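Trainee: sharing a model prediction with you, sequence too.
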Amino acid sequence: KEKGAATGIRQEIDQNGRPVTRVVKKGVKDFSFGRTLGEGSYSTVLAATDRQTLREYAIKVLDKRHIIKEKKVKYVNIEKDTLNRLTEHPGIVRLYYTFQDERSLYFVLDLASGGELLGFLKKMTSFDVECTRFYGAQILDAIDYMHSRGVIHRDLKPENVLLDDQMHIKITDFGTAKILDPKKTNGTGSGDPLEGMETERAQSFVGTAEYVSPELLTDKNACKASDLWAFGCIIYQLLAGRPPFKAANEYQTFQKIVGLEYAFPDGFPSLAKDLVERLLVLDPITRLPIEHIKSHPFFDGIVWGKGLWKQKAPRLKAYV
Ligand SMILES: C[C@@H](Nc1nc2c(c3cc(-c4cn[nH]c4)ccc13)C(=O)N=C/C2=C\CC1CC1)C(C)(C)C
């Protein structure tokens, strides 16, 4: 993305007649706001067009008074810090910059004009193996990047996987992410699946019931492997058309998770079944780590790395 794209770059002549480049941050008046794209718990995401460049963005608007009243300031800062760490990957919604006025905070972000992956899944009922492999690979590649930058998402689910105009994914909603303390990690950011297991403080946050990992429910701890549990649930859901753990209410869903009570529908593809069975394991240590997932036969044919983001997305077909 060219430099001038995000912030306002202005060439001017100063008082001595010398050309000077001024970087001006834009404000509300520089955008024309469009429709509401999504509602968070204390924010709204709107489509917006930069009046000067005509580029389209998504702008997340947060009401300052509400954030303070609901004691969410910490989450807003976590989201901003997380997004600022994850700027170099095509599979992550990019934060260009923020500004504020007396009432609100504004995050200027990538517009994912395809909307939520969940929307497409509902329309198709389920994805076929080729589509599940492609979207699964893109999601895994983005998770790998997040983890290598010391970030655990903690609330991965089809609603938080967006699609851009090329039908490639963009992961979003980092308000509940966990940034691993660089002092405690082994520095390479890869390897240890339990990285992030808190010892001292009890974890307060729990993700969305259907995708919550058992370790978060039993010993209140999230770790990198927790994102891979959610990944296993997503792969299952793309092919089956529903998540593996779903009950009448949250408590019963949690019981199914900690009891590993799930089954594959007849005809579920066997390679995908083998992969899901190695991800939906109660012990995070024995859960398949990312490098082993990438080399699992289900992903045979996937070229990992930049190529994955340059190739054309497969046409969405249902798995019948
Ligand atoms: C999950 C999220 N929904 C959404 N968040 C974002 C969208 C987005 C776009 C559509 C959409 C586009 N076309 N049609 C629908 C539908 C839902 C969206 C976007 O384009 N760019 C950044 C976003 C979020 C950035 C966030 C990290 C700060 C919730 C429901 C929480 C608002």
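Mentor: Here it is on my side, so go on. Numbering: from 1, shown residues only.
Trainee: which stretches of the stretch 201-320 of the chain form helices?
Mentor: In the stretch 201-320 of the chain, the helices defined using DSSP state H, counting those that start in this stretch lie at 214-218, 224-240, 250-258, 270-279, 290-294, 307-310.
Trainee: kindly reformat those as JSON lines containing mean neighbour count and mean pLDDT.
Mentor: Any C-beta I mention is one placed from the backbone N, CA and C, and that applies to glycine too. Rendered in JSON lines, the data for the helices of the stretch 201-320 of the chain read as follows (neighbours: other C-beta atoms under 10 Å; pLDDT from 0 to 100):
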{"stretch": "helix 214-218", "mean neighbour count": "18", "mean pLDDT": "94"}
{"stretch": "helix 224-240", "mean neighbour count": "26", "mean pLDDT": "98"}
{"stretch": "helix 250-258", "mean neighbour count": "16", "mean pLDDT": "97"}
{"stretch": "helix 270-279", "mean neighbour count": "17", "mean pLDDT": "98"}
{"stretch": "helix 290-294", "mean neighbour count": "16", "mean pLDDT": "98"}
{"stretch": "helix 307-310", "mean neighbour count": "13", "mean pLDDT": "96"}
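Trainee: what is the neighbour count of the closest residue to residue 260 other than its chain neighbours?
Mentor: Among residues not flanking residue 260 along the chain, residue 282 sits closest, at 5.8 Å (C-beta to C-beta, 6 or more residues apart in numbering). Other residues lying near residue 282 total 15 when counted by other C-beta atoms under 10 Å.
Trainee: residue 140 contacts residue 296, correct?
Mentor: No: Residue 140 is not in contact with residue 296 according to C-beta atoms under 8 Å; the separation is 10.1 Å.
Trainee: with neighbour numbers in mind, choose between these two.
Mentor: Between residue 140 and residue 296, counting by other C-beta under 10 Å, residue 140 is the more crowded of the two (23 against 16).
Trainee: what residues are up against residue 76?
Mentor: Residues counted as contacts of residue 76 (C-beta atoms under 8 Å, 6 or more residues apart in numbering) are 62, 67, 105, 175.
Trainee: that one falls within a strand, correct?
Mentor: No: counting by DSSP: H, G, I helix; E, B strand; the rest coil, residue 76 falls outside a strand, being helix.
Trainee: from residue 160, how far off is it?
Mentor: 17 Å (C-beta to C-beta, to the nearest Å).
Trainee: same check, this time on residue 40
Mentor: In terms of C-beta to C-beta, residue 40 sits 11 Å off from residue 160.
Trainee: cool, residue 147 as well?
Mentor: Noted for residue 147: a distance of 16 Å to residue 160, by C-beta to C-beta.
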